[in-house]
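In: Let's see this in three dimensions:
(one chain, ligands or ions: 1)
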Amino acid sequence: MTGATASGDGPGVTVEFTEATAAAEAAAVAERLVGERVASRLADQDATLWGPEAEPEASIRLAWTGLHRGSRPLVGEIEAVRGEFHAEGVDRVVLAGMGGSSLAPEVITAAAGVPLVVLDTTDPAQVAEALSGDLSRTVLVVSSKSGSTVETDSHRRIFEAAFRANDIDPASRIVVVTDPGSPLESTARENGYRRVFLADPNVGGRYSALTAFGLVPAGLAGADIASLLAEAAAAAPALGADSPDNPALRLAAALGVAHSEGAEKVVFADNDSGFPGFADWAEQLIAESTGKEGTGLLPVAVENTSAPGFVDAGDDATTVVLGNPVETAALTVSGTLGGSLLLWEFATAFVGRLLGINPFDQPDVEAAKKAARALLDAPERAASGPEPLLRDGAVEVYAPGRWQPTDTGSLAAVVRSLLDETPPSGYLAVQAYLDREQDASASVLRPELARRSGAQTTFGWGPRFLHSTGQYHKGGHQNGVFLQLTGDNEQDLDVPGRPYTLGTLQLAQALGDGQVLADHGRPVLRVHLTDRAAGLAQLVAAIQETTP
Ligand SMILES: O=P(O)(O)OC[C@H]1O[C@H](O)[C@H](O)[C@@H](O)[C@@H]1O
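Out: Residues are numbered from 1 along each chain as shown. Okay, the predicted model is just below:
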């Protein structure tokens with residue numbers, strides 16, 4: 001193990017290399033970045049670091065480098081609101097928020113071991129499950145930077161109606177986090193919602209872990225957000241230092257060098273980091289920040305350090321273990337949670353400079369939203385789709401684009417056709433528009449498929465991933481193949497004040513994104529489960545039939 005950087009009593013974050021050669025190559029790039037004073041310029045919020053085209057956006061996106069100080073006053077405010085709710089017997093926190101508005105609080109609360117119900121789904125059963133909790137003890141945090149995200153707006157409407165139906169004044173139970181002047185702020189003021197936290201608008205969603213977006217839901221749920229900020233504050237000086245020992249420079253240099261040598265994927269495995277699910281947060285940060293203009297780093301979160309994709313990673317991937325080192329990982333990153341959040345934010349911004357892209361926009365996210373909206377405006381188009389290529393037991397198979405499977409004789413043959421389409425150094429993305437709780441077994445598809453395809457394989461719950469890796473799928477290296485999973489809904493939920501149900505929205509999101517991917521020339525296969533449990537079992541069996 002070489003290249004250990006700052007740790008111990010200092011910043012509390014460490015980046016270590018397993019191979020001396022990789023450490024030396026990265027050190028050379030890090031030295032260059034030190035010469036350009038990139039770290040101190042980022043800490044000072046210098047918007048010129050990514051070139052003139054990125055400057056206008058960067059100039060309104062860099063306040064996150066100082067949040068470990070700037071967010072301190074929030075701690076007391078949040079604690080006071082939590083105290084008020086507790087005095088009223090309200091201690092169950094439900095968070096409605098997509099992407100940057102929920103991924104950080106999810107990891108912060110998981111690390112703290114405090115419950116937080118996260119709604120970042122359009123699956124009717126998953127939302128119904130959250131509604132079935134004790135509403136008399138529930139506060140709903142509605143988080144949206146733009147204030148116009150359709151999933152979050154739908155959750156707000158559904159919960160508002162449910163509170164009312166249970167004789168609870170919805171206004172007294174809704175807390176909003178949004179940017180000043182957003183449509184959500186107006187709605188909150190008009191409806192007299194309990195509390196509105198306005199976040200710093202000069203921080204983008206995926207860099208907002210230490211703004212009100214991360215701190216309000218996590219703090220209301222009972223996480224120690226003061227310590228989190230203190231951890232980040234301890235790490236900040238080292239991350240902003242023009243020094244070859246700067247852990248963020250070392251990490252960025254390692255990933256940048258690897259990318260230049262063809263390792264476009266970053267495979268994450270947790271090994272007792274103390275913050276399970278951290279990779280899901282890092283996934284959005286890395287994929288949305290770098291996956292554009294046909295380049296970028298594709299994050300791949302795997303189950304553990306023995307998982308396929310990690311133990312057998314090829315030249316197209318850098319393996320990163322979070323927590324305790326393992327010899328099979330190229331890099332070990334460990335430290336405090338607050339320090340790690342800031343470390344990856346700094347490192348991602350540095351990678352943006354190395355790759356020559358703007359790490360603060362997400363130019364391809366809107367396309368899927370637009371396609372879903374078009375389907376919602378003409379629901380008959382979604383309902384009267386083409387006949388399936390194959391109907392077999394509890395599954396129906398569709399291929400929405402130009403690419404068509406070569407063999408439609410069986411489910412196993414269709415899946416094999418898709419896997420065969422994966423280009424060398426390409427990847428397979430499994431996108432499950434299902435219930436993260438009740439259909440949790442769908443996640444076994446990732447290792448099963450990775451083992452058989454030999455390609456790096458990602459797994460994302462839809463529509464959650466649309467606000468995360470979805471940018472990379474359309475904007476990054478164009479070598480992905482896509483397996484979408486959709487399912488019949490046994491129950492559906494109306495979205496009050498909207499002409500569609502949650503189930504309609506869910507299907508429109510899957511079909512819309514599938515169409516956009518197909519328009520990019522990517523192979524897309526959709527397996528629709530007419531019975532979710534039976535269909536999933538059938539799919540797993542079909543995958544196991546395909547030869548590795
Ligand atoms: O916070 P919101 O405005 O609701 O946005 C939630 C998410 O929406 C979009 O998809 C962006 O690509 C994400 O970066 C963002 O985190």
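
In: For the stretch 251-400 of the chain, which segments are assigned as helices?
Out: For the stretch 251-400 of the chain, the helices defined by DSSP state H, counting those that start in this stretch occupy 278-290, 337-355, 365-377, 379-383.

In: which other helices and strands contact the second one?
Out: Other helices and strands packing on helix 337-355, by 3 or more Cβ pairs under 8 Å, 6 or more residues apart in numbering; DSSP states H and E, are strand 13-17, helix 20-35, helix 38-43, helix 103-112, helix 225-239, helix 247-260, helix 278-290, strand 331-335. For every residue, glycine as well, the C-beta is placed using N, CA and C.

In: can you check the third one too?
Out: Based on contacts counted as 3+ Cβ pairs under 8 Å, 6+ apart, the elements that helix 365-377 packs against are helix 150-165, helix 470-475, helix 502-519.

In: Give the other helices and strands that the second one contacts.
Out: For helix 470-475, the helices and strands in contact under the criterion 3+ Cβ pairs under 8 Å, 6+ apart are helix 278-290, helix 365-377, helix 502-519.

In: ok, 6 Å please
Out: Contact analysis of helix 470-475 by 3 or more Cβ pairs under 6 Å, 6 or more residues apart in numbering; DSSP states H and E lists helix 278-290 as its packing neighbours.

In: now the helix it packs on and helix 337-355, what's the angle there?
Out: Here helix 278-290 points in a direction 30 degrees away from that of helix 337-355 (axes from the mean of the first three to the mean of the last three Cα atoms, to 10 degrees).

In: In this structure Thr211 contacts Leu198, no?
Out: No: with contact defined as Cβ atoms under 6 Å, Thr211 does not reach Leu198; the gap is 10.0 Å.

In: Look at those two and report which has more neighbours.
Out: For Thr211 versus Leu198, the count of surrounding residues by other Cβ atoms under 10 Å is larger for Thr211: 27 against 14.

In: quick one: that one and Val127, what's the gap?
Out: 26 Å (Cβ to Cβ, to the nearest Å).

In: In the protein, where is pLDDT below threshold?
Out: 1-10, 381-384, 548 (pLDDT under 70).

In: follow-up on the earlier one: most tightly packed of the helices and strands packed on helix 365-377?
Out: helix 470-475 (a mean of 28; mean count of other Cβ atoms under 10 Å).

In: on that earlier part again, in a markdown table, list the helices of the stretch 251-400 of the chain along with distance to the ligand.
Out: Below are those laid out as a markdown table (distance: least, Cβ to the nearest ligand atom, whole Å):
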| stretch | distance to the ligand |
| --- | --- |
| helix 278-290 | 5 |
| helix 337-355 | 13 |
| helix 365-377 | 4 |
| helix 379-383 | 21 |
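
In: can I get these in TSV with mean neighbour count?
Out: Compiled in TSV, these are given as follows (neighbours: other Cβ atoms under 10 Å):
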stretch	mean neighbour count
helix 278-290	27
helix 337-355	26
helix 365-377	18
helix 379-383	12
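
In: Serialize the ones you listed to JSON lines and add fields for distance to Gly262.
Out: JSON lines is the format used below for the helices of the stretch 251-400 of the chain (distance: least, Cβ to Cβ, whole Å):
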{"stretch": "helix 278-290", "distance to Gly262": "15"}
{"stretch": "helix 337-355", "distance to Gly262": "14"}
{"stretch": "helix 365-377", "distance to Gly262": "26"}
{"stretch": "helix 379-383", "distance to Gly262": "39"}
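
In: re earlier: can you list the helices and strands packed on helix 365-377 in JSON lines and add distance to Gln431?
Out: Below are the helices and strands packed on helix 365-377 laid out as JSON lines (distance: least, Cβ to Cβ, whole Å):
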{"stretch": "helix 150-165", "distance to Gln431": "15"}
{"stretch": "helix 470-475", "distance to Gln431": "9"}
{"stretch": "helix 502-519", "distance to Gln431": "7"}
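
In: Out of these, flag the one nearest Leu220.
Out: Closest approach to Leu220 among the helices and strands packed on helix 365-377 (Cβ to Cβ): helix 150-165, 15.2 Å.

In: Packing partners of the closest one?
Out: Helix 150-165 packs on strand 138-144, helix 170-173, going by 3+ Cβ pairs under 6 Å, 6+ apart.

In: which of these sits most buried?
Out: Taking mean count of other Cβ under 10 Å, strand 138-144 is the most buried of those, at a mean of 27.

In: So which bits of the chain are right by the ligand?
Out: 98-101, 144-146, 149, 152, 205-206, 288, 362, 365, 467 (Cβ under 6 Å from any ligand atom).

In: run the last query once more with 8 Å
Out: 97-101, 103, 143-149, 152, 178-179, 182, 204-206, 208, 213, 284, 288, 362, 365, 369, 466-468, 470-471 (Cβ under 8 Å from any ligand atom).

In: Could I have the buried ones of those residues as ChimeraX selection syntax?
Out: Of the residues of the chain next to the ligand, the buried ones can be selected in ChimeraX as follows, counting by 16 or more other Cβ atoms under 10 Å:
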select :97,98,99,100,101,103,143,144,145,147,149,152,178,179,182,204,205,206,208,213,284,288,362,365,369,466,467,468,470,471
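
In: got the contact list for Ala399?
Out: Ala399 makes contact with Leu389, Leu525 under the criterion Cβ atoms under 6 Å, 6 or more residues apart in numbering.

In: May I have the phi/psi pair for it?
Out: When quoted as degrees, to the nearest 10, the phi and psi of Ala399 stand at phi -130, psi 100.

In: From Thr149, how far out is it?
Out: Distance from Ala399 to Thr149, by Cβ to Cβ: 30 Å.

In: same question, Gly323
Out: 32 Å.

In: which ones are touching Ala429?
Out: Here Ala429 is in contact with Thr458, Gly480, Phe482 (Cβ under 6 Å, 6+ apart).

In: ok, now with 10 Å
Out: Each residue near Ala429 by Cβ atoms under 10 Å, 6 or more residues apart in numbering is listed here: 298, 300, 446, 456-460, 465, 469-470, 472-473, 480-484, 517, 522, 524.

In: In terms of helices and strands, where is it?
Out: strand 427-432 (DSSP states H and E).

In: give me every residue that touches the residue of the stretch 201-350 of the chain found nearest the ligand.
Out: Using Cβ to the nearest ligand atom, the single residue of the stretch 201-350 of the chain nearest to the ligand is Gly205, 3.1 Å away. The contact partners of Gly205, by Cβ under 10 Å, 6+ apart, come to 97-104, 143-146, 149, 179, 199, 211, 213, 284-285, 288, 362, 467.

In: ditto for Ser260
Out: Glu25, Val29, Leu354, Leu355.

In: repeat for Asp435
Out: 121, 123-129, 442, 461, 487, 489, 532.

In: and if you look at Val516?
Out: 364, 366-372, 401, 470, 473-474, 522, 524.

In: Distance to Phe350 for those residues - can I get that in a markdown table?
Out: As requested, these are exported to a markdown table (distance: Cβ to Cβ, whole Å):
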| residue | distance to Phe350 |
| --- | --- |
| Asp364 | 22 |
| Glu366 | 26 |
| Ala367 | 28 |
| Ala368 | 28 |
| Lys369 | 29 |
| Lys370 | 32 |
| Ala371 | 33 |
| Ala372 | 34 |
| Gly401 | 36 |
| Gly470 | 23 |
| His473 | 24 |
| Lys474 | 24 |
| Arg522 | 29 |
| Val524 | 33 |
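
In: returning to what we had before: and the two most separated of the contacts of Asp435?
Out: Going by Cβ to Cβ, the pair spanning the contacts of Asp435 furthest: Ala128 and Ala442, at 18.4 Å.

In: neighbour count winner among those two?
Out: Higher neighbour count among Ala128 and Ala442: Ala442, with 23 against 18, using other Cβ under 10 Å.

In: Could you list the domains of this protein?
Out: Listed by automatic domain parsing, the domain ranges of the chain are 13-38+242-354, 71-229, 365-545.

In: now the residue nearest to Ala518 when sequence neighbours are not counted, what's its secondary structure?
Out: Spatial nearest neighbour of Ala518, chain neighbours left out: Gly401 (2.5 Å); criterion: Cβ to Cβ, 6 or more residues apart in numbering. Classification of Gly401 by DSSP: H, G, I helix; E, B strand; the rest coil places it in coil.
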